[in-house]
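[1] any chance you can model this:
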Amino acid sequence: MEILALEDLSFRYPGCTENAVDGVSLTVREGEFLLLCGRSGCGKTTLLKLIKRELAPHGELSGNILFRSRPLDSLTDRESAQKIGYVLQSPEAQIVTDKVWHELAFGLESLGCDSDSIRLRVGEMANYFGIDGWFRSGTADLSGGQKQLLNLASVMAMSPELLILDEPTSQLDPIAAQNFIATLSKINRELGTTVIIAEHRLEELFPTADRVAVMEHGRVVEQGEVFNVFADPRQEITRSFIHTTSNL
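    Residues are numbered from 1 along each chain as shown. Reported below is the predicted structural model:
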């Protein structure tokens, strides 16, 4: 069953002559792990933000975005906030409170959940993500890896059906990045959460991803199962891209 469908989606920023997203058609199945990749500036971040209504940039939009066969703009504010989770690139950018436990509760409080439900869910998330040891720590005292894990746990506390991540490991050291990706794999495998992630750490994500979509100049130029896309020597753009990102 499709959880997300993009139909001939195009977007242009004000004052620009070219589309940042250009005629993208893409479907994502429920429970799938989709890796979105491409060189910097290819349109990945713009595409992902268009799916998260609260972060969508201002500009000229055409085409359709369907979430569970419903137009994205038909979702209520609560549905949009709860059902589609988003983790930003910078670990610092998403944290809004001063304590770890309060950060875990913040989204649930914003949704108007009752106190008992919030306490239960926060405890579950702290245990699931291994946050117990620094549960009462100040968010300013955390490492970059801990902050990004907290961001992920805070989003997952709201039980999203679709989780979007925009290069979440780009500012993490290799060990923290590896641990973060392992946690994503666990979420997808154990909780069945659909994941769309834009990343440059391709080799670490290949074993987890079900499919990959490669972007170039705002377009999806190749998509399919990981092995089929990156093993095909005829795909010049794909081979050139993976050679470039292997040096990042």
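[2] remind me what the longest strand that the chain contains packs against, helices and strands.
    Taking DSSP state E as the criterion, the chain has its longest strand at strand 2-12. Identification of packing neighbours for strand 2-12 by 3 or more Cβ pairs under 8 Å, 6 or more residues apart in numbering; DSSP states H and E yields strand 21-29, helix 44-51, strand 60-67, strand 194-198. Just so you know, the C-beta spots here come from the backbone N, C-alpha and C atoms, and that holds for glycine as well.
[3] most tightly surrounded among these?
    strand 194-198 (a mean of 24; mean count of other Cβ atoms under 10 Å).
[4] whichever helix or strand comes after that strand: which residues count as buried?
    Proceeding N to C from strand 194-198, the next assigned helix or strand is helix 202-205, under DSSP states H and E. For helix 202-205, burial by neighbour count (16 or more other Cβ atoms under 10 Å) applies to 202, 204, 205.
[5] for residue 5, give me its contacts.
    Applying Cβ atoms under 8 Å, 6 or more residues apart in numbering, we find residue 5 in contact with 26, 27, 28, 64, 65, 66, 69.
[6] which one of the buried residues of helix 202-205 is nearest residue 94?
    When these are compared for distance to residue 94 (Cβ to Cβ), residue 205 wins out at 20.8 Å.
[7] excluding its backbone neighbours, what's nearest the closest one?
    Nearest non-adjacent residue to residue 205, counting by Cβ to Cβ, 6 or more residues apart in numbering: residue 35, 5.3 Å away.
[8] burial count for the one you found?
    Neighbour count of residue 35, defined by other Cβ atoms under 10 Å: 22.
[9] kindly report the same for the one 4 residues further on.
    Residue 39: 18 surrounding residues under other Cβ under 10 Å.
[10] wait, it sits on residue 218?
    No. In this structure residue 39 lies outside contact range of residue 218 using Cβ atoms under 8 Å: 11.6 Å.
[11] rewinding a little: looking at the contacts of residue 5, which is nearest residue 43?
    Closest approach to residue 43 among the contacts of residue 5 (Cβ to Cβ): residue 26, at 12.1 Å.
[12] pretty sure that closest one contacts residue 214?
    No. Using Cβ under 8 Å, residue 26 is not in contact with residue 214, being 11.3 Å away.
[13] what sits in contact with each of the two?
    220, 223.
[14] show me the contacts for the residue nearest to residue 4 when sequence neighbours are not counted.
    Leaving aside its sequence neighbours, residue 4 sits nearest to residue 28 (Cβ to Cβ, 6+ apart; 4.2 Å). By Cβ under 8 Å, 6+ apart, residue 28 lies in contact with 2, 3, 4, 5, 34, 162, 194, 196.
[15] would a markdown table of those with distance to residue 176 be doable?
    Below are those laid out as a markdown table (distance: Cβ to Cβ, whole Å):
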| residue | distance to residue 176 |
| --- | --- |
| 2 | 33 |
| 3 | 29 |
| 4 | 29 |
| 5 | 34 |
| 34 | 23 |
| 162 | 24 |
| 194 | 24 |
| 196 | 21 |
